[in-house]
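> build me a model:
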Amino acid sequence: MRLLAPALVTAAVLLSACGTTETPTSTPTESAGGPVTVTDSRGKEVKLDSPAKKVVTLEWAETETVASLGVMPVGVADAAGYKTWDAVVPLTGDVKDVGKRNEPSVDSIVALDPDLVIMAKGRDETLVGQLEKYVPVIVTKASDASRNLDRLREDTKMIAQAIGKAAEGDKLLFELDTALADGKKAVEAEGATGTPFVMADGWLQGSTVNIRPFGKGSLVSDTAEAVGLKNAWTGEVDPQWGLGATDVEGLTALTDPKTMLFYSASEDDVFTTGLAANPVWQRLPFVVNKKVVKLEPGTWTFGGPKSVIKVAEQFVKAATA
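Numbering: from 1, shown residues only. I've put the predicted structure just below:
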C-alpha cells in the first residue's frame, strides 16, 4: 500500500492528544448539590464545592457532551466551527465564543466567571496552568486508539459527575449502547455482517488531494465495527487517534468489490471536486460500484455519544440498503 511518510501521518491528525494509562474516575457525592471530586486524565483530583453550572468547553466533543447532558455551556471554543462540524446538539444563541480551539482566550474565559473549564488532553499544556489560577479545570483523555469506545464512556461519566448529571450520563450511555446493539442486529438481519469499509476525510493542498483514512482504533472505526462492519484500511495509523495518511493511489490497495467508502466533508468536498475527474479514483471498486457514502453535514467524527450514535445510524443505513 502506498503511504505518505510517517511524519505526515502525525501531521495529518486533526487533533493531538497524549495517551494515558490512568482511568478517569469520579467520586460520588452525598447529595446532588454537595461537593464533587473527579480524577481526570492527568490523574489529578479536581475538587468542586458543588456541581458546576457555568461551564466553558474548549473542544467540540466536550461541548457536545455537556450540552447533551442538559447543561448549556456559557462559553465554547470556536462556536461557528461547532455549528458546522458538530450539529447533533445545537447551542443556544447566548453561548459565548472564547476563541480558537488551539488558542482560546484566557481573558475571555475568565470574564465569564465559570465554575469549571473542560478541555482535551494534548492541547497547549501551559494553558491548564494559566486557567487554574482562576478556575478549576478538568482534562479529558479525548482519544485512545486502543479502546476508544470505553475511553468515551469514561470521559462522559467524568463530565457528568462534574456537572451534577450522573443519572443523565448513565442514560446517555444507555442510549449509545442501545443504538450500537440495535445497529448490529439490523446489520446481521440483512446479512451484511463483515462488510468491508474505509472511512476517510481529505483536503486539497495545491493540486494534490490528501486523504486521511480512519484506521482501526479511531472512534469511527470502533463505532462501525461495533455494529458488525469490518475496517479494510490496514495502513499505518497513529496510536492516539487511529488516523493515517495517503493519497488516491494509496486507495488502490482496497480491491474488494464489496468495500464501501464513507467520508466526511462538512465544508469543502474534495472527494467530488478534487477527485471526480481523476482516472485512478474512477477505477476504484467503491466508485465503480457506487458504494461511496458522504456522511451528513454536521456529523463530527471525533464527537461525544450523540455523534457516535449519528455515525452508527448512517453506517447501518448504508450497509443495509
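
> which residues sit in contact with residue 225?
Neighbouring residues of residue 225 by Cβ atoms under 8 Å, 6 or more residues apart in numbering: 216, 231. (Glycine included, C-beta is placed from N, CA and C.)

> so it: helix, strand or coil?
helix (DSSP: H, G, I helix; E, B strand; the rest coil).

> ok, it to residue 180 distance?
Computed as Cβ to Cβ, to the nearest Å, the residue 225 to residue 180 distance reads 10 Å.

> quick one: the helices in the stretch 101-250 of the chain?
In the stretch 101-250 of the chain, the helices defined using DSSP state H, counting those that start in this stretch lie at 106-111, 125-132, 148-162, 166-189, 219-226.

> if we ignore the residues flanking it in sequence, what's nearest residue 289?
Residue nearest to residue 289 in three dimensions, not counting chain neighbours: residue 257, with 5.8 Å by Cβ to Cβ, 6 or more residues apart in numbering.

> that neighbour and residue 290 touch, don't they?
No. With contact defined as Cβ atoms under 8 Å, residue 257 does not reach residue 290; the gap is 11.3 Å.

> between those two, point out the one with more neighbours.
Ranked by neighbour count (other Cβ atoms under 10 Å), residue 257 and residue 290 place residue 257 first, with 11 against 7.

> what about that one, is that helix, strand or coil?
Relying on three-state DSSP, one would call residue 257 coil.

> can you name every helix or strand that the host helix or strand of residue 47 contacts?
Residue 47 belongs to strand 45-48 when elements are defined using DSSP states H and E. If you count contacts as 3 or more Cβ pairs under 8 Å, 6 or more residues apart in numbering; DSSP states H and E, strand 45-48 packs onto strand 36-39.

> mind running it again at 10 Å?
On a contact count with 3 or more Cβ pairs under 10 Å, 6 or more residues apart in numbering; DSSP states H and E, strand 45-48 meets strand 25-27, strand 36-39, strand 137-140, helix 148-162.

> could you tell me the least trusted of these?
With a mean of 42, strand 25-27 has the lowest mean pLDDT of the helices and strands packed on strand 45-48.

> quick one: low-confidence ranges for the stretch 201-321 of the chain?
For the stretch 201-321 of the chain, no stretch is flagged by pLDDT under 70.

> strands of that one, start to end?
With DSSP state E, counting those that start in this stretch, the ranges of strands along the stretch 201-321 of the chain come out as 208-213, 230-231, 260-263, 292-294.

> now render the ones you listed as CSV, adding mean neighbour count and distance to residue 163.
CSV is the format used below for these (neighbours: other Cβ atoms under 10 Å; distance: least, Cβ to Cβ, whole Å):
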stretch, mean neighbour count, distance to residue 163
strand 208-213, 22, 33
strand 230-231, 18, 34
strand 260-263, 23, 33
strand 292-294, 18, 34
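
> could you dump those strands into a markdown table with distance to residue 191 added?
Below are the strands of the stretch 201-321 of the chain laid out as a markdown table (distance: least, Cβ to Cβ, whole Å):
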| stretch | distance to residue 191 |
| --- | --- |
| strand 208-213 | 26 |
| strand 230-231 | 14 |
| strand 260-263 | 15 |
| strand 292-294 | 19 |
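
> domain parsing for the protein?
36-163, 191-320 (the TED database).

> what's the first-to-last distance across the shortest one?
Domain 36-163 has an end-to-end distance of 9 Å (Cα to Cα, to the nearest Å).

> what distance separates that domain from the centre of its chain?
14 Å (Cα atoms, centre = their mean, to the nearest Å).

> quick check: residue 122 touching residue 240?
Yes. Using Cβ atoms under 10 Å, residue 122 is in contact with residue 240, at 7.5 Å.

> neighbour count winner among these two?
residue 240 (24 against 21).

> and the more buried one, its phi and psi?
Phi and psi for residue 240, reported as degrees, to the nearest 10, are phi -100, psi -50.

> quickly list what's touching both of residue 225 and residue 180.
residue 149 (Cβ atoms under 10 Å, 6 or more residues apart in numbering).

> what does stretch 167-174 contact?
26, 32, 65, 68-71, 152-153, 156-161, 163, 165, 304-306, 309.

> run the chain-centre distance for that stretch.
Relative to its parent chain, stretch 167-174 has a centroid offset of 18 Å by Cα atoms, centre = their mean.

> how about the domains of the chain in a markdown table, adding distance to residue 172?
Supplementary listing: the domains of the chain in a markdown table, determined by distance: least, Cβ to Cβ, whole Å:
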| stretch | distance to residue 172 |
| --- | --- |
| domain 36-163 | 6 |
| domain 191-320 | 5 |
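
> go through the ones you listed and name the closest to residue 176.
Distance to residue 176, taken as Cβ to Cβ, is lowest for domain 191-320 among the domains of the chain, at 4.3 Å.

> the helices of the stretch 101-250 of the chain: which one's closest to residue 298?
When the helices of the stretch 101-250 of the chain are compared by Cβ to Cβ, helix 219-226 sits nearest residue 298, at 14.8 Å.

> how about the closest residue in space to residue 226 that isn't next to it in sequence, what does it touch?
Sequence neighbours aside, residue 180 is the residue nearest to residue 226 in space, at 4.6 Å (criterion: Cβ to Cβ, 6+ apart). With contact set as Cβ under 10 Å, 6+ apart, residue 180 has these partners: 149, 222-223, 225-228, 308-309, 312, 316.
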